[in-house]
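Novice: Predicted structure and sequence below. I'll ask about it afterward.
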Amino acid sequence: LTTTCTLRYRKTSDPTCFYISVGFVIYQNPLIGTPATGAIWDGGDTKAITWSGGIYSRIKLAYTINNGSSWINIIDTLTTNVMNSYNWVVPRVSSAQCKIRISATLADSTTVTSTSGLFSIQQNLNISTMFSSWTAGEIRTITWTGTGVDTIKMEYSADIGTNWFLVTPKRAFAPSTFNW
């Protein structure tokens with residue numbers, strides 16, 4: 001919303017005595033829809049950053065993983081977008097201190113900025129091997145998928161997670177198979 005406004009100051013005891021200010025403008029900052037405060041997004045996924053608000057001629061998007069200490073550009077110039085959204089490939093990082101910043105430029109070249117609340121980006125790892133019964137000495141292939149994971153360490157438990165034993169030390173995430 002961009003509106004040219006004025007203020008009128010009136011003496012309460014004499015309504016004929018008043019002053020009208022010079023015109024000024026009220027601008028609508030973009031209202032961020034997603035990510036919502038407290039959201040958890042997986043690194044590597046494509047997520048829509050959404051906003052609403054005024055009619056903007058240009059949008060600039062940035063993100064932080066350290067609560068605003070530093071910002072990384074997502075896109076520097078997104079021309080007017082009727083859908084008010086941008087599909088973002090979430091970076092492969094792990095942080096609970098993430099925010100999105102939207103800087104919107106209006107037709108008169110005024111820039112307004114909004115920042116989201118804190119949200120998290122997490123690394124995601126899924127084991128896709130179906131476990132059932134194994135025979136001692138039998139070699140099985142373990143496979144996995146995930147996003148935002150560079151290295152893994154594989155361990156096993158024979159007592160439902162009370163004790164863990166090393167299968168393989170730190171290794172590259174890819175390839176995503178291991179014969180054990």
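Specialist: Yep, it's here.

Novice: alpha carbons only for contacts and neighbour counts from here, please
Specialist: OK.

Novice: Lowest average confidence across helices and strands of the protein, where is it?
Specialist: Between all helices and strands in the chain, the lowest mean by mean pLDDT, DSSP states H and E belongs to strand 124-127, at a mean of 68.

Novice: Check the protein for its longest strand and report it.
Specialist: The strand that spans the most residues within the chain, counting by DSSP state E, is strand 95-105.

Novice: and that strand, what other elements does it pack with?
Specialist: The helices and strands touching strand 95-105, judged by 3 or more CA pairs under 8 Å, 6 or more residues apart in numbering; DSSP states H and E, are strand 58-64, strand 111-115, strand 119-122.

Novice: Show residues contacting that strand.
Specialist: Strand 95-105 is touched from outside by 29-30, 32, 35, 56-68, 111-122, with contacts defined as CA atoms under 8 Å, 6 or more residues apart in numbering.

Novice: List only buried entries from these.
Specialist: 29-30, 32, 35, 56-65, 67-68, 111-122 (16 or more other CA atoms under 10 Å).

Novice: related to what we said a few turns ago, tell me the first helix or strand C-terminal of the least confident helix or strand of the chain.
Specialist: Using DSSP states H and E, the next helix or strand after strand 124-127 towards the C-terminus is strand 141-147.

Novice: What is the subsequent helix or strand relative to that following strand?
Specialist: Helices and strands here follow DSSP H and E; after strand 141-147, the next one along the chain is strand 151-156.

Novice: Can you list the strands that that next one pairs with?
Specialist: Strand 151-156 pairs in its sheet with strand 165-172 (antiparallel), by DSSP bridges.

Novice: For the residue nearest to Asp76 when sequence neighbours are not counted, list each beta-bridge partner.
Specialist: If you skip the residues right next to it in sequence, Asp76 has Lys60 as its closest partner in space, 4.8 Å away by CA to CA, 6 or more residues apart in numbering. Per DSSP bridges, the residues bridged to Lys60 are Ser103.

Novice: contacting residues for Lys60?
Specialist: Neighbours of Lys60 in contact, by CA under 8 Å, 6+ apart: 73-78, 102-104.

Novice: So which of these wins on neighbours?
Specialist: Tallying neighbours with other CA atoms under 10 Å puts Ala104 at the head of the contacts of Lys60, with 28 neighbours.

Novice: confidence score at that residue?
Specialist: The predicted structure scores Ala104 at 87 on the pLDDT scale.

Novice: Quick check: chain neighbours aside, which residue is closest to it?
Specialist: What sits nearest to Ala104 in space, not counting adjacent residues and going by CA to CA, 6+ apart, is Ile59, at 4.6 Å.
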